[in-house]
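>>> A structural model of the following input is requested.
(2 chains)
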Amino acid sequence: MFEALSDRFDGIFKRLRGRGRLSDKDVDEVLREIRLALLEADVNFKVVKSLIERIRQRCLSEDLSKSLTPSQQVIKIVNEELTQTLGGETMRVSYAPKPPTVVLMAGLQGSGKTTNAAKLARWFKQQGRNPLMVGADLQRPAAVEQLRTLGSQIDVPVYSRPADPVTVARDGVEQARDLGRDVVVVDTAGRLAIDEEMMEQVRQISGAVDPDYTFLVVDAMTGQDAVTVAESFHETLDLDGVILTKLDGDARGGAALSVKEVVGKPIAFASVGEKIEDFEQFHPDRLAGRILGMGDMLTLIEKAEEAYEQEEAEKAAERLLEGTFTLEDFLDQMQAIKKMGPLNNVIGMLPGVPKEIKDVEIDDREIARLEAIIRSMTPEERIDPDVIDGSRRSRIARGSGAQPGDVSQFVKQFKEMRKMMQGMGGPLRRKKKKGKKNRKGSRVTPKGSASKTPQRKLTLPGLDELEAGLDRLEGQGLPDLRRPV
Amino acid sequence: MTMLTVVVVAVALAIVIGALAGLVISRSRRQRALLEPPPRAPMPAPPEVVEEVEAPPEVVEEVEAPPEAVEEVEAPPVKPTFRERLSKARGLLSGYVSSVLSRSSIDEATWEELEEALIRADVGIGTTQDLLEAVRREVETEGLSEPSQVLDCLKSHLKQELADPIELHYADAESPSVWLFVGVNGVGKTTTIGKLGRRAQLDGKSVVMAAGDTFRAAAAEQLQMWAKRVGAELVRGNEGGDPSAVIFDAVARADARGFDLVLADTAGRLHTKTNLMEELRKVRRVADKGAGEVAEVLLVIDATTGQNGLVQAQQFADAVEVTGVVLTKLDGSAKGGIVLAIRKELGIPVKLVGLGEGPDDLVDFDAGQFVDALFE
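A predicted model of the protein is given here:
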């Protein structure tokens, strides 16, 4: 449904190859596409306007580098602007000299305050602190029950009683002081930014507990309204940071950009899953890639990671490079891919895959058919398909319910694929070697046009992008790629 | 391109990704292993602290029946209208409207402002451009020249787009009807069921609520409070239990006791989680298996949702044949324009609208009022 920005660029930039500088008209055309991509990613249109202006200035003023295609150059600029806007400075949490350090959670209904109060408490616990949670959401039925259940899961006490939320919050902090708890996380009821009465209430809660940190909890799926919400809450509470939730979905998360631009405070944490431990400090560069439509690749790598056994993947990689990949391996890998979801989705997430392939409706039963063909082969045939002669072919066809023609076509396709992958061995090995010395290196742009160098004729589409993307990931230190175990 | 080629290429690509991910990850893991700090000593949490802080028993009672909730149940139902509720949020888009109207003629700036207004309402760029294209054509063929005519033309296009029959269906036979509620996390499924239970009771239907959200902490408690508040039966299972079983039991209970309607809650799930969507398919299948019949599958969408709402709708529709949308939290400053994209792209109508947290704040969708509100 969404088109990655790079796909949109491809057509435009085909015409621009070889030019040293982009003309005003070229830039206008490109910026129109960027604008659409940002709007599709739910970045607020006012923020889009100012971003586009900044990008325009840079596109017109900077000379195009020789080593990058115009497409890569522009994406680099866009990526840098986005990352910068999202905030270079990562939030550093410091603690009140006189404990407890008080943290107030605020936000709309359903943004995930209660869940994230517990996630944050767990995070503090990991930092070696002794948190206490205060359930000051007495509005939603069973909100306090939810907090208590979560509290018992992470072994953090919860204070609440049926009274006015302001009193409960104040007493909660008092309680923490008595119990020697050094961090207090106050959960509040969800409220609409335009509900004056409720906004006044949260202002009073804030006044009563005098928080060291006030976090706005924002759903990554929020649309244009994120700006209005952030403005009102910031006006009322003087926010210190933002917690971005539900980032494990496929929303582009442009709302984060809007909120950051409006509030001017860092996005401190990101919630990346339903489990309590799926919570981490925020990485601006990763979200920038996602807003531009380059983040799908990361998702895919995560999925691949879930589906693949570590050793198995490494061995498969080895055999790939050596060109000793057999039909048996192919069968194994197909099983792993099946775990990643429908083949169409998997393909859709791959960067740089030609449209003709992406647009084909793939019938997943096709995989089953291929499986049947391979399973009807003897071990010998699986290792060396060249031994398959006429009689073997008709036996395999009978065994798998396929036509003999299907069998030979498949074997032919498989051999071609193996050749392609061997061709890739070159760049892959190179990458392995250069990997360590050139980590933060020159390849800033994972996306762009297909490679032009002749020796890469046999590479699969998207490999360049993938390599560069992985380089980028490594540059970031990778832990963000992995769910904490 | 034959299917076979595509599949083989696809598998090849996926293998490459897996292999590369494997290489990189194993490398980084090795590096990380070296950097891993020594394990911290576990923080001792004295158990008596937890005890002390734990709420006294009267908490539960009071929370379960807040006095104002009881009053609300007793009060005669006053159905809020869009207009009353949305008055607070007015002014957000009115700037565009007055700007468009202030012009003496229709020019490019007019179209740009209309585009911005629709985007600001989360209609989405694609749908917005399609809509404006149609309006542009009509303006040309009809020879309209007044800005106000353009605005009226756009509004009538939008109203047409959204004008669907909105009634909620019941099973034909004697068997109980099942309405299944699905959606991503935090959109308001449980609250919607609570409010809808109240509406159904007022319409003379007897209701069983099925606490099919067995994942989120205290989700069943939340629904239980609603059931109590509106006087409905509740069927619940164990936390972490099988949601299909809970809903199956609720249908059986409804059938045995001659109840009309089962409102089945499900856990919020992101549409990207393959296994959870698979679970939902099963819930849908099992709900149809017993004496009941699934008459509605309602996708609950939060009005603040941006363009991801369309993808959500697509995925849920693919998994469980969504019959309608419930648009919640429309009493805030968000306009919920994504339902236009959902209707246009997927043909799923909006049936209900949530306008607040009270038991009566759930109303039938009204295309006319919704569209007028978009521009107020």
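>>> Contacts only, for A:V173.
A:V173 makes contact with A:P100, A:V102, A:V134, A:V184, A:V186, A:V209, according to Cβ atoms under 8 Å, 6 or more residues apart in numbering or on different chains. All C-beta spots, glycine's among them, are computed from the backbone N, C-alpha and C.
>>> what do you get for A:V47?
A:T85, A:V227, A:L257, A:S258, A:E261, A:V262.
>>> can we see that at 7 Å?
When contacts are counted by Cβ atoms under 7 Å, 6 or more residues apart in numbering or on different chains, A:V47 is found next to A:L257, A:S258, A:E261.
>>> hang on, the earlier thing: neighbour-wise, which of the contacts of A:V173 leads?
A:V134 (33 neighbours; other Cβ atoms under 10 Å in any protein chain shown).
>>> Can you tell me the element that residue falls in?
Per DSSP states H and E, A:V134 falls inside strand A:131-136.
>>> Got the confidence number for A:L36?
Listed pLDDT for A:L36 reads 86.
>>> nearest residue to it other than its sequence neighbours?
Nearest residue to A:L36, sequence neighbours excluded (Cβ to Cβ, 6 or more residues apart in numbering or on different chains): B:I125, at 5.5 Å.
>>> I'd like the distance from the one you found to B:Q307, if you could.
8 Å (Cβ to Cβ, to the nearest Å).
>>> So which of the contacts of A:V173 belong to strands?
A:V102, A:V134, A:V184, A:V186 (DSSP state E).
>>> out of those residues, who's nearest chain B?
A:V134 (9.7 Å; Cβ to the nearest Cβ).
>>> so who does A:Q403 touch?
So A:Q403 contacts A:A397 (Cβ under 7 Å, 6+ apart).
>>> Give me the neighbour count for the residue nearest to A:L36.
19.
>>> Can you name the residues that contact it?
A:L36, A:L39, A:E40, B:I119.
>>> Distance of it relative to A:V78?
17 Å.
>>> do the same with A:V30
From A:V30 to A:V78 the distance is 9 Å (Cβ to Cβ).
>>> ditto for B:A317
33 Å.
>>> likewise B:G188?
Taking Cβ to Cβ, one finds B:G188 at 35 Å from A:V78.
>>> Provide a list of residue ranges in the chain with pLDDT below threshold.
If you meant another chain, say so; for now it's chain A. The model of chain A has pLDDT under 70 over residues A:1-22, A:63-72, A:88-89, A:293-314, A:316-317, A:320-321, A:341, A:345, A:347-361, A:423-485.
>>> That was the other one, I meant chain B.
B:1-93.
>>> Flag every buried residue along stretch B:125-140.
B:I125, B:G126, B:T127, B:T128, B:D130, B:L131, B:L132, B:V135, B:R136, B:E138, B:V139 (16 or more other Cβ atoms under 10 Å in any protein chain shown).
>>> Going by residue numbers, what spans are strands in the stretch 51-200 of chain A?
A:101-107, A:131-136, A:158-159, A:183-188 (DSSP state E, counting those that start in this stretch).
>>> repeat for the stretch 51-200 of chain B
Going by DSSP E, counting those that start in this stretch, the stretch 51-200 of chain B shows strands at B:177-182.
>>> Show me where it has its helices.
B:58-64, B:67-74, B:82-86, B:94-102, B:108-120, B:125-142, B:147-162, B:189-202 (DSSP state H, counting those that start in this stretch).
>>> Let me know which of those is tucked in deepest.
helix B:189-202 (a mean of 24; mean count of other Cβ atoms under 10 Å in any protein chain shown).
>>> Alpha carbons of it, in PDB - could you do that?
Once non-C-alpha atoms are left out, helix B:189-202 reads as follows in PDB (Å, rounded to 0.1, in the frame of the first residue of the first chain):
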ATOM      1  CA  LYS B 189     -12.800  -2.300  22.200                       C
ATOM      2  CA  THR B 190     -13.700  -3.100  25.800                       C
ATOM      3  CA  THR B 191     -15.300   0.300  26.400                       C
ATOM      4  CA  THR B 192     -17.200   0.100  23.100                       C
ATOM      5  CA  ILE B 193     -18.600  -3.300  24.200                       C
ATOM      6  CA  GLY B 194     -19.600  -1.800  27.500                       C
ATOM      7  CA  LYS B 195     -21.500   1.000  25.900                       C
ATOM      8  CA  LEU B 196     -23.000  -1.200  23.200                       C
ATOM      9  CA  GLY B 197     -24.200  -3.600  25.900                       C
ATOM     10  CA  ARG B 198     -26.100  -0.700  27.400                       C
ATOM     11  CA  ARG B 199     -27.700   0.300  24.100                       C
ATOM     12  CA  ALA B 200     -28.700  -3.300  23.300                       C
ATOM     13  CA  GLN B 201     -30.300  -3.600  26.800                       C
ATOM     14  CA  LEU B 202     -32.300  -0.500  26.200                       C
END
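>>> any idea of the angle it forms with strand B:177-182?
160 degrees (axes from the mean of the first three to the mean of the last three Cα atoms, to 10 degrees).
>>> what packs against helix B:189-202?
Judged by 3 or more Cβ pairs under 7 Å, 6 or more residues apart in numbering or on different chains; DSSP states H and E, the packing partners of helix B:189-202 are strand B:177-182, strand B:207-211, helix B:219-230, strand B:261-264, strand B:362-364.
>>> from the chain's centre, how far out does that helix sit?
14 Å (Cα atoms, centre = their mean, to the nearest Å).
>>> which of B:A317 and A:V78 has more neighbours?
A:V78 (27 against 19).
>>> So the more buried one is in contact with A:I34, correct?
Yes. Under the criterion of Cβ atoms under 7 Å, A:V78 makes contact with A:I34 at 6.0 Å.
>>> anything in contact with each of those two?
Counting by Cβ under 7 Å, 6+ apart, the residues touching both A:V78 and A:I34 are A:I55.
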